[in-house]
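> got a sequence here, can you model it:
(7 chains)
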Amino acid sequence: MKLVPLGDKVIIKQLQAEETTKSGIVLPGQAKEKPQQAEVIAVGPGGMVDGKEVTMQVKVGDKVIFSKYSGTEVKIGEEELIIVKQGEILAIVE
Amino acid sequence: MKLVPLGDKVIIKQLQAEETTKSGIVLPGQAKEKPQQAEVIAVGPGGMVDGKEVTMQVKVGDKVIFSKYSGTEVKIGEEELIIVKQGEILAIVE
Amino acid sequence: MKLVPLGDKVIIKQLQAEETTKSGIVLPGQAKEKPQQAEVIAVGPGGMVDGKEVTMQVKVGDKVIFSKYSGTEVKIGEEELIIVKQGEILAIVE
Amino acid sequence: MKLVPLGDKVIIKQLQAEETTKSGIVLPGQAKEKPQQAEVIAVGPGGMVDGKEVTMQVKVGDKVIFSKYSGTEVKIGEEELIIVKQGEILAIVE
Amino acid sequence: MKLVPLGDKVIIKQLQAEETTKSGIVLPGQAKEKPQQAEVIAVGPGGMVDGKEVTMQVKVGDKVIFSKYSGTEVKIGEEELIIVKQGEILAIVE
Amino acid sequence: MKLVPLGDKVIIKQLQAEETTKSGIVLPGQAKEKPQQAEVIAVGPGGMVDGKEVTMQVKVGDKVIFSKYSGTEVKIGEEELIIVKQGEILAIVE
Amino acid sequence: MKLVPLGDKVIIKQLQAEETTKSGIVLPGQAKEKPQQAEVIAVGPGGMVDGKEVTMQVKVGDKVIFSKYSGTEVKIGEEELIIVKQGEILAIVE
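Predicted structure coming up:
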């Protein structure tokens, strides 16, 4: 199953946070605040969105920082994805 | 009875979720959170909407992901439908 | 008495819902949630509305689906009417 | 004293409602919800209002339906008037 | 001290209300709801305001009706003045 | 240290209010509501701000009336300053 | 790891406040209200943002005053950064 975002929408998947305690034990990230880093899974075509021309600036595979509280969470099969507008992506991590 | 949406409106019908328990029993989806997948039933003509030119990008039969909390639920005869603006459709499922 | 709506206003009259119980008795619709179907009674001229050109797409006699919670209810003589903007009409029923 | 409305403002005066009981006694309308019918007392010149060209479509003497909760009530001498924007007038009663 | 309003701002001074009781005693207006009539004290130059061309339509000395709850009250020396946008002035009293 | 405001921002410094009691004792203004008069300390370049052309109309040294509740208070060293948009300045005191 | 902001976004890092008590002891700034001064770490390309042309006016290394309550805090490794829109930067400190 493939998701094709409309307009300026971007589908991202949150990166799992891991934390190593001082003793070296790796704790999975569930109990902590979710990181705001994600990987871009699919990118809309841009174009005329709400009367404004939007050029897409992210591409599939980009690691991005996105705005907490933004976007719509969707569960596709087993995967939890987030669909955001490109304007809610704050920065690309290189 | 046929519904003809105005402007950038799209009529969608939510897809029923089914869940198979580990023992193999299929449970109908009512008691769970409604899935955000729907099938497009009818598509408005687009054109000038609220002073902005809108080109329709979905077509009848498309499976789509839509934004939870958006749209107006209408009951036409026995059918429960949702009328959303195209901008509230996030992605097409292919 | 005749009502002439201004701009993009449309005057509609809610259709009465009827429900047939399994035993065949028809119950009038008052006690239920009001249906969102209405008949168009009068249509404004459109034109420049709030700085945007609006072309009217509904006509007198159309059966329409309108957005719950929208519009202004007015009582003219014995008749209860609703005045909505055309943008609050979601679809035409054919 | 004469009131000259600015821009797209219209000065209206609410019409008194009367109700005849079944026994034929006419009750004055104070205790009931105020009717939304009014008579136009003065009309602004229209023109550029908030960056948008407005053409006035109502004239002095018109009976109009206006949007409940809109407008500013002013008391000029003994008269209670309401100043609304033309866009808050829904329809003309002919 | 002279106040020069910027843009579409207008400085007005509320007119005092007086009320004559039935016995003929004149009561000063403090304890009553403030009247919405004011005199124009100074008028901004208009021009480009928030991206929109504004032409000033009131002049110093005009008696005006203004929108309750609008404007900023300022105390300059002993005088209590109100600074409103021209759009918050509803009508000129002639 | 010098502050250079961006866009339509203006840096102002509130004027201290002093009050002379009837006995002639001057009380410093802390316990009273702060006056809305300020002196302009620095003025942004104007230009394209949020898609709109802004021409600056105040200059360093101007005494101005500003809108209560507007602006951001900043403490630079010992000085308490307020950064407002020019649109939040209501009038120049001459 | 390098952050590349999109559009009109600017990545800033809050400057630590230090306070010297009268006895000369330096107290680290944690317990106090955070200062609104920050250093610019990375600057987006500007261009068309939300339908409006934005020219970037800050550069990496600038000390800036930013609007309290604005921006999104992100933690990248050990560093706590804030991503703001350029419009939320009030002034450059020279």
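> which residues in chain A form strands?
Using DSSP state E, the strands found in chain A span residues A:3-5, A:9-14, A:18-20, A:26-28, A:37-43, A:47-49, A:52-54, A:63-66, A:72-76, A:79-85, A:89-93.
> tabulate these (JSON lines), appending mean neighbour count, mean pLDDT and distance to C:Gln57.
Heads up, the C-betas are built off the backbone N, CA and C, glycines and all. Output for the strands of chain A, formatted as JSON lines (neighbours: other Cβ atoms under 10 Å in any protein chain shown; pLDDT from 0 to 100; distance: least, Cβ to Cβ, whole Å):
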{"stretch": "strand A:3-5", "mean neighbour count": "21", "mean pLDDT": "92", "distance to C:Gln57": "29"}
{"stretch": "strand A:9-14", "mean neighbour count": "23", "mean pLDDT": "95", "distance to C:Gln57": "28"}
{"stretch": "strand A:18-20", "mean neighbour count": "10", "mean pLDDT": "52", "distance to C:Gln57": "55"}
{"stretch": "strand A:26-28", "mean neighbour count": "10", "mean pLDDT": "51", "distance to C:Gln57": "55"}
{"stretch": "strand A:37-43", "mean neighbour count": "20", "mean pLDDT": "96", "distance to C:Gln57": "34"}
{"stretch": "strand A:47-49", "mean neighbour count": "17", "mean pLDDT": "90", "distance to C:Gln57": "21"}
{"stretch": "strand A:52-54", "mean neighbour count": "15", "mean pLDDT": "91", "distance to C:Gln57": "24"}
{"stretch": "strand A:63-66", "mean neighbour count": "22", "mean pLDDT": "94", "distance to C:Gln57": "38"}
{"stretch": "strand A:72-76", "mean neighbour count": "17", "mean pLDDT": "84", "distance to C:Gln57": "30"}
{"stretch": "strand A:79-85", "mean neighbour count": "18", "mean pLDDT": "92", "distance to C:Gln57": "29"}
{"stretch": "strand A:89-93", "mean neighbour count": "23", "mean pLDDT": "94", "distance to C:Gln57": "36"}
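> I'd like the ones you listed laid out as CSV, including distance to G:Asp50.
Supplementary listing: the strands of chain A in CSV, determined by distance: least, Cβ to Cβ, whole Å:
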stretch, distance to G:Asp50
strand A:3-5, 18
strand A:9-14, 15
strand A:18-20, 36
strand A:26-28, 38
strand A:37-43, 18
strand A:47-49, 10
strand A:52-54, 7
strand A:63-66, 17
strand A:72-76, 19
strand A:79-85, 10
strand A:89-93, 13
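> among those, which comes closest to chain F?
Distance to chain F, taken as Cβ to the nearest Cβ, is lowest for strand A:52-54 among the strands of chain A, at 10.4 Å.
> who does the residue lying closest to A:Gly61 once chain neighbours are set aside bridge with?
Spatial nearest neighbour of A:Gly61, excluding adjacent residues (Cβ to Cβ, 6 or more residues apart in numbering or on different chains): A:Val40 at 6.3 Å. Beta bridges link A:Val40 to A:Ile12 when assigned by DSSP bridges.
> would you agree A:Gly44 is in contact with A:Gln57?
No: using Cβ atoms under 8 Å, A:Gly44 is not in contact with A:Gln57; the gap is 11.8 Å.
> tell me, what's touching the two both at once?
A:Gln86 (Cβ atoms under 8 Å, 6 or more residues apart in numbering or on different chains).
> coming back round to it: looking at the strands of chain A, which is closest to D:Gly61?
Proximity to D:Gly61 (Cβ to Cβ) singles out strand A:52-54 among those, at 44.1 Å.
> what's that closest one packed up against?
Counting contacts by 3 or more Cβ pairs under 8 Å, 6 or more residues apart in numbering or on different chains; DSSP states H and E, strand A:52-54 packs against strand A:47-49, strand G:47-49.
> which one of those lies closest to chain C?
Of those, the one closest to chain C (Cβ to the nearest Cβ) turns out to be strand A:47-49, at 16.2 Å.
> so what's the residue lying closest to A:Gln37 once chain neighbours are set aside up against?
Setting aside the residues directly before and after it, A:Gln37 is nearest to A:Leu15 in space (Cβ to Cβ, 6+ apart), at 4.6 Å. Going by Cβ under 8 Å, 6+ apart, A:Leu15 touches A:Pro35, A:Gln37, A:Ala38, A:Glu39, A:Lys63.
> any idea which residue sits dead centre in chain A?
For chain A, A:Ile12 is the residue whose C-alpha lies nearest the centre (Cα atoms, centre = their mean; 2.9 Å).
> tell me if I'm right that that residue and A:Glu39 touch.
Yes: using Cβ under 8 Å, A:Ile12 is in contact with A:Glu39, at 6.5 Å.
> now A:Gln57: how far from G:Pro5?
A:Gln57 is 10 Å from G:Pro5, where distance means Cβ to Cβ, to the nearest Å.
> what do you get for A:Val49?
20 Å.
> with A:Ile82 instead?
20 Å.
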